[in-house]
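Enquirer: what follows is a predicted structure for the sequence shown.
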Amino acid sequence: MASSRASQPAMVIDTTSGKILRRDGKFDGDAEAVAAAVGKVVRNTGRMINKAEALHRVTVTFENAEYVILPISKDETRVFKKA
């Protein structure tokens, strides 16, 4: 049975600074390091796509976990840990 996003660890980060704005659930390891890395991925990806395109979803694999990145506004990004 698939997990719902409501039960997965999630956080909202400031895309520019990579700082955590809100966090729900338990993240293994260093959530601040994950947030900083995700912010960097979103900023770098944004530079690679055409201005008419939008970034909808990115999956990033770290050493022990996968995270789904969903930009929710120009300045905020939601990050879910994949189950």
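Expert: Ah, there it is.
Enquirer: mind listing the strands for the protein?
Expert: 10-14, 20-24, 58-61, 66-71, 76-81 (DSSP state E).
Enquirer: least confident of these, on average?
Expert: Sorting those by mean pLDDT places strand 58-61 lowest, at a mean of 78.
Enquirer: check the offset of that strand from the chain's centre.
Expert: Relative to the centre of its chain, strand 58-61 is centred 8 Å away, using C-alpha atoms, centre = their mean, to the nearest Å.
Enquirer: paired strands for it, with orientation please.
Expert: strand 66-71 (antiparallel) (DSSP bridges).
Enquirer: and H56, what does it touch?
Expert: L70, P71 (C-beta atoms under 8 Å, 6 or more residues apart in numbering). Heads up, the C-betas are built off the backbone N, CA and C, glycines and all.
Enquirer: which residues touch the nearest residue to K74 once chain neighbours are set aside?
Expert: The spatially closest residue to K74, leaving aside those adjacent along the chain, is T15, at 7.4 Å (C-beta to C-beta, 6 or more residues apart in numbering). Neighbour list for T15: G39, V42, R43, P71, K74, D75, E76, T77 [criterion: C-beta under 8 Å, 6+ apart].
Enquirer: if we use 6 Å, what do you get?
Expert: T15 is in contact with G39, V42, D75, T77, counting by C-beta atoms under 6 Å, 6 or more residues apart in numbering.
Enquirer: top of those residues by neighbour count?
Expert: Within the contacts of T15, most neighbours by other C-beta atoms under 10 Å means T77, with 25 neighbours.
Enquirer: so that residue is in contact with I13, correct?
Expert: Yes: shown here, T77 and I13 form a contact pair, counting by C-beta atoms under 6 Å, at 5.3 Å.
Enquirer: nearest to T61 among the contacts of T15?
Expert: Of all the contacts of T15, T61 sits closest to V42, with 15.6 Å by C-beta to C-beta.
Enquirer: make a markdown table out of the strands of the chain and add distance to A33.
Expert: Compiled in a markdown table, the strands of the chain are given as follows (distance: least, C-beta to C-beta, whole Å):
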| stretch | distance to A33 |
| --- | --- |
| strand 10-14 | 12 |
| strand 20-24 | 11 |
| strand 58-61 | 12 |
| strand 66-71 | 12 |
| strand 76-81 | 12 |
